[in-house]
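Enquirer: Any chance you could fold what I've pasted below:
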Amino acid sequence: MRQFPTFSPTFRTVFVAFGLAFIMTSFLRAANAVIAPDLMRDIGMNASQLGQMTSMYYATYALMQLPMGAALDRYGSRFVIPLLMIPTVIGCFVYAFATSFTHISVARLLIGVGTAGALMGAVKTFGHWVSRERLAAMTASLVAIGTVGGILSTAPMAWLNGIIGWRSIFWGCAIIVAATAVGIRVFTRDTPEGPHPHTATADNPFHGFGDIFRSQLFWYVAPLYFSMLGTLLAVQTLWAGPFLYDVYGASTTTTGLSLLLMSVGSICGYLISGALFVRIGVTRLILSAQALLIVCLGAWTFAAGFLPLWTFQVIYILFGAAAAFNVIMLPQVRAMFPDMMSGRATTALNVFGFAGAWVLQWVMGSVIQYFGRTPAGAYQSIGYQWAFSIPLSIAVIGLLLYLPIHRLALRKE
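Expert: Numbers count the residues shown, from 1 in each chain. From the prediction side, this is the model:
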């Protein structure tokens, strides 16, 4: 019987190295939010161009998933992830020197390419070190730690930006990412036995994706992942802030606090999901979390502007916690396919999550823009209501499509 040295010193090194990589991924993903005014002033961008950069990251991130999954299965995370981090280092340097929209767009694209493998590489590697029962908890713990990067990109980054400026911050990011890449390459291993095992399908790295996309089980999960992760990223990294500014006239301090509450909710969701995975079962957890997500989206859709502001601050916490349960769907899909296809399986699912973020951010913005502004210059409440009705509808559809896999799980009990 295979032994899993979960808490060996070597595994702790693996966990810390990939944890730092994911912290930097989360930090760089959300960094634009707090320095947006500086970017618009120093680079000469307008709000539309800033929005294009935001969604460009998710589009690039999604496009990288399939080739990256094939590479992870063929070469292993210890080789692929440090290699991918090279574009991130270059992107951070380009950011630091950018003087035009073209420069900073290229930088954002490179960062999207380079950070695309942090989580998937960790899930791939952890699967060789821990049992399937422990994998969900390890994955959830990693994502909870990574969320610290999102928190660091808010008030701490604003403070540091006031002292050294955003260009120096990206210089520092380049150095940290480079050091992390070296750490993963030098101090980690793909498996307890040593090197990554080459698979029989190595000559055709894209072999197996057809089997994944033909799997009925995969299509029970993918739409719900599109909903949970896509909605979380679309709202948390963009529309949660403008909603409070426009609908409630909230101050910067109040909005920042509310976004921090959403991040705290996400951390709690990641930690709780991993802890409850073994006791309750993945399908029960996912259905419960999705039901709560639907309630939160329903509040935005039907009660925006009517409920008091403090109510939405509570909703922000619950929304972050509920949507964070998406993380346990990665080990769920990984377990549906053989180990030699695990990287492709998880990255195939991840395509849907980041495609969801890209599509929802863009479509919701178009809907809000369609309804126009109030005489005071804020976007109208009804625009936000119709915009949030889109992820609400998708959430309901995703839940219904997921029900068959829950029934299958009940039969196995």
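Enquirer: Helices along the stretch 101-250 of the chain, start to end?
Expert: Using DSSP state H, counting those that start in this stretch, the helices of the stretch 101-250 of the chain run over 101-114, 118-129, 132-152, 155-164, 166-187, 209-214, 216-234, 240-248.
Enquirer: Contacts only, for the residue nearest to residue 166 when sequence neighbours are not counted.
Expert: Distances taken as C-beta to C-beta, 6 or more residues apart in numbering put residue 35 closest to residue 166, at 4.5 Å, once the chain neighbours are dropped. Where you see a C-beta, it was placed from the backbone N, CA and C, and this is true even at glycine. Residues near residue 35 by C-beta atoms under 8 Å, 6 or more residues apart in numbering: 157, 158, 161, 166, 169.
Enquirer: what's the pLDDT at residue 35?
Expert: We have a pLDDT of 75 for residue 35.
Enquirer: quick one on the thing from earlier: which among the helices of the stretch 101-250 of the chain is found nearest to residue 351?
Expert: Closest approach to residue 351 among the helices of the stretch 101-250 of the chain is made by helix 216-234 (8.5 Å; C-beta to C-beta).
Enquirer: same for the closest one, what does it pack against?
Expert: Contacts defined by 3 or more C-beta pairs under 8 Å, 6 or more residues apart in numbering; DSSP states H and E place helix 216-234 against helix 282-303, helix 309-323, helix 329-334, helix 342-371, helix 381-412.
Enquirer: So which elements touch the second one?
Expert: This means helix 309-323. Packed next to helix 309-323, using 3+ C-beta pairs under 8 Å, 6+ apart, are helix 216-234, helix 240-248, helix 252-280, helix 282-303.
Enquirer: change it to 7 Å
Expert: Contact analysis of helix 309-323 by 3 or more C-beta pairs under 7 Å, 6 or more residues apart in numbering; DSSP states H and E lists helix 216-234, helix 252-280, helix 282-303 as its packing neighbours.
Enquirer: Point out the most buried one among those helices.
Expert: Compared across the helices and strands packed on helix 309-323, helix 216-234 shows the largest average neighbour count, a mean of 23 (mean count of other C-beta atoms under 10 Å).
Enquirer: any low-confidence regions in the stretch 1-150 of the chain?
Expert: 1-9, 33, 37, 46-48, 50-51, 133 (pLDDT under 70).
Enquirer: ditto for the stretch 151-300 of the chain
Expert: Along the stretch 151-300 of the chain, segments meeting pLDDT under 70 span 194-207, 278.
Enquirer: Including distance to residue 180, could the helices and strands packed on helix 216-234 go into CSV?
Expert: Shown next, in CSV, are these (distance: least, C-beta to C-beta, whole Å):
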stretch, distance to residue 180
helix 282-303, 30
helix 309-323, 26
helix 329-334, 21
helix 342-371, 20
helix 381-412, 33
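Enquirer: Which helix or strand contains the residue nearest to residue 166?
Expert: Assigned by DSSP states H and E, residue 35 falls within helix 9-39.
Enquirer: List the buried residues for the helix or strand following that helix?
Expert: Heading C-terminal from helix 9-39, the first helix or strand you meet, by DSSP H and E, is helix 47-75. Using 16 or more other C-beta atoms under 10 Å as the test for burial, helix 47-75 gives 50-51, 53-55, 57-66, 68-75.
Enquirer: now the angle from helix 47-75 to helix 342-371?
Expert: Calculated by axes from the mean of the first three to the mean of the last three C-alpha atoms, to 10 degrees, helix 47-75 forms an angle of 170 degrees with helix 342-371.
Enquirer: so helix 47-75 versus helix 216-234, what angle?
Expert: Counting by the same axes, to 10 degrees, helix 47-75 lies at 140 degrees to helix 216-234.
Enquirer: and the direction of helix 47-75 versus that of helix 101-114, what angle?
Expert: With the same axes, to 10 degrees defining the directions, helix 47-75 sits at 30 degrees from helix 101-114.
Enquirer: Which strands or helices does helix 47-75 pack on?
Expert: The contact analysis (3+ C-beta pairs under 7 Å, 6+ apart) places helix 47-75 against helix 9-39, helix 77-97, helix 101-114, helix 118-129, helix 342-371.
Enquirer: Looking at these, spot the one closest to residue 243.
Expert: For the helices and strands packed on helix 47-75, proximity to residue 243 was assessed by C-beta to C-beta; helix 342-371 is nearest, at 9.1 Å.
Enquirer: Show me what that closest one packs onto, helices and strands only.
Expert: Other helices and strands packing on helix 342-371, by 3+ C-beta pairs under 7 Å, 6+ apart, are helix 47-75, helix 118-129, helix 209-214, helix 216-234, helix 329-334, helix 381-412.
Enquirer: okay, these in JSON lines with distance to residue 367 next?
Expert: Converted to JSON lines, these look like this (distance: least, C-beta to C-beta, whole Å):
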{"stretch": "helix 47-75", "distance to residue 367": "14"}
{"stretch": "helix 118-129", "distance to residue 367": "30"}
{"stretch": "helix 209-214", "distance to residue 367": "30"}
{"stretch": "helix 216-234", "distance to residue 367": "12"}
{"stretch": "helix 329-334", "distance to residue 367": "27"}
{"stretch": "helix 381-412", "distance to residue 367": "4"}
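Enquirer: closest to residue 173 out of these?
Expert: Closest to residue 173 of these is helix 118-129 (C-beta to C-beta; 13.7 Å).
Enquirer: Next, the angle from the closest one to helix 132-152.
Expert: 150 degrees.
Enquirer: send the alpha carbons of helix 118-129 over as CSV?
Expert: Output of helix 118-129 as CSV, limited to C-alpha atoms (Å, rounded to 0.1, in the frame of the first residue of the first chain):
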residue,chain,number,x,y,z
ALA,A,118,0.8,28.2,-9.6
LEU,A,119,-2.4,26.6,-8.2
MET,A,120,-2.6,23.8,-10.8
GLY,A,121,1.0,22.9,-10.3
ALA,A,122,0.5,22.7,-6.6
VAL,A,123,-2.6,20.4,-7.0
LYS,A,124,-0.7,18.2,-9.4
THR,A,125,2.3,17.9,-7.0
PHE,A,126,0.3,17.5,-3.8
GLY,A,127,-1.5,14.6,-5.3
HIS,A,128,1.7,12.6,-5.3
TRP,A,129,2.4,13.4,-1.7
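Enquirer: Now do the buried residues in stretch 327-344.
Expert: Going by neighbour count (16+ other C-beta under 10 Å), the buried part of stretch 327-344 is 327-334, 336-337, 340-344.
Enquirer: which one of those is nearest residue 228?
Expert: The nearest member of the buried residues of stretch 327-344 to residue 228, counting by C-beta to C-beta, is residue 329 at 7.5 Å.
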